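A.B. asks: I need the structure of the sequence given here:
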Amino acid sequence: MKVVVIGGTGLIGSKLIGKLNEHGHEAVVAAPSTGVNTLTGEGLTEVMKDASVVVDVSNSPSFEDEAVMTFFRTSTTNVLNAEAAAGVRHHVALSVVGTEQLQESGYFRAKQAQEELIKASGIAYSIVHATQFFEFMKGIADSATEGDTVHLAPVKIQPICSDDVATAVGRTAVGTPVNGVVEVAGPDAFQLDELVRDVLAANGDPRTVVADPHARYFGAELKETTLLPGPDAHLAETRFADWAAQQK
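C.D. replies: Okay, here's the model as predicted:
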């Protein structure tokens, strides 16, 4: 089947394109570099022709509150309208475990708005909620850094390898729409501050990580289980220690 991947040049999108093509599907990259701009609508009509599924794994270039809301509202609306006109049968979007509990954050308010647009579109859909990626631990540290100190809440996190996220999204894309949310997570839970401390140390990063119960996570205060998946989540196989060993 023809599967259009919005954000097909990114971390998840590029892996997804490869996996879909390996399984005999026609995976099409939709990104500004291929002439598709979801903010302006450029190229959407052409790329949607004969598509069975559209997968949106795009992300906002800016995390500033107003910019990220504009990105997800405008982009998602344009994509969904193009899908409706083309008769696309399944819309798949990648989102984040805990989104609905992180509404103090402008980024997660925008992701919630994206999900609500999808649910109201009338197009059959599946939303994949993934926990945070192994690859993004440094990004979490950077967002929580003040001077040489990283302030992180001592809460649980169950991160997942990006390759496993791409596998889960691909599996969902070629399956039957669930008209709901599918959760995916890594096999092991960690304490957020301890995991980031270990990652920075392994990379020779001199920053000090401080456990702060009120530290903000991209603008939102966390509860103990905010970043953990529910009991029905699909657990991937790749363990953090094995992934980290391969990075050296």
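
A.B. asks: how close does A202 sit to I12?
C.D. replies: 24 Å (C-beta to C-beta, to the nearest Å). From N, CA and C alone the C-beta is placed, and that goes for glycine too.

A.B. asks: In terms of neighbours, single out the busier of those two.
C.D. replies: More neighbours surround I12 than the other of A202 and I12, with 25 against 11 (other C-beta atoms under 10 Å).

A.B. asks: Let me know the pLDDT of the closest residue to T9 other than its chain neighbours.
C.D. replies: If you skip the residues right next to it in sequence, T9 has A31 as its closest partner in space, 4.5 Å away by C-beta to C-beta, 6 or more residues apart in numbering. Reading off the per-residue confidence, A31 sits at a pLDDT of 96.

A.B. asks: what does F63 give?
C.D. replies: For F63, the model assigns a pLDDT of 88.

A.B. asks: Would you pull up how far stretch 128-135 lies from the middle of the chain?
C.D. replies: What separates the centre of stretch 128-135 from the centre of its chain is 6 Å, taken as C-alpha atoms, centre = their mean, to the nearest Å.

A.B. asks: now swap in stretch 220-237 and tell me
C.D. replies: A distance of 14 Å separates the C-alpha centroid of stretch 220-237 from that of its chain, computed with C-alpha atoms, centre = their mean.

A.B. asks: With only the CA atoms kept, save that stretch in PDB.
C.D. replies: Coordinates of the C-alpha atoms in stretch 220-237 are reproduced here as PDB (Å, rounded to 0.1, in the frame of the first residue of the first chain):
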ATOM      1  CA  ALA A 220       5.000  21.100  33.500                       C
ATOM      2  CA  GLU A 221       5.400  19.800  37.000                       C
ATOM      3  CA  LEU A 222       5.500  16.000  37.200                       C
ATOM      4  CA  LYS A 223       3.800  13.400  39.300                       C
ATOM      5  CA  GLU A 224       5.500  10.000  40.100                       C
ATOM      6  CA  THR A 225       3.800   8.200  37.200                       C
ATOM      7  CA  THR A 226       3.200  11.000  34.700                       C
ATOM      8  CA  LEU A 227       5.800   9.700  32.200                       C
ATOM      9  CA  LEU A 228       4.900   6.000  32.700                       C
ATOM     10  CA  PRO A 229       2.700   4.000  30.300                       C
ATOM     11  CA  GLY A 230      -0.500   2.300  31.300                       C
ATOM     12  CA  PRO A 231      -0.900  -1.400  32.000                       C
ATOM     13  CA  ASP A 232      -1.900  -2.200  28.400                       C
ATOM     14  CA  ALA A 233       1.100  -0.700  26.700                       C
ATOM     15  CA  HIS A 234       3.200  -2.700  24.300                       C
ATOM     16  CA  LEU A 235       6.700  -3.100  25.700                       C
ATOM     17  CA  ALA A 236       9.600  -3.000  23.300                       C
ATOM     18  CA  GLU A 237      12.600  -5.300  23.700                       C
END
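
A.B. asks: Good, we can wrap up now.
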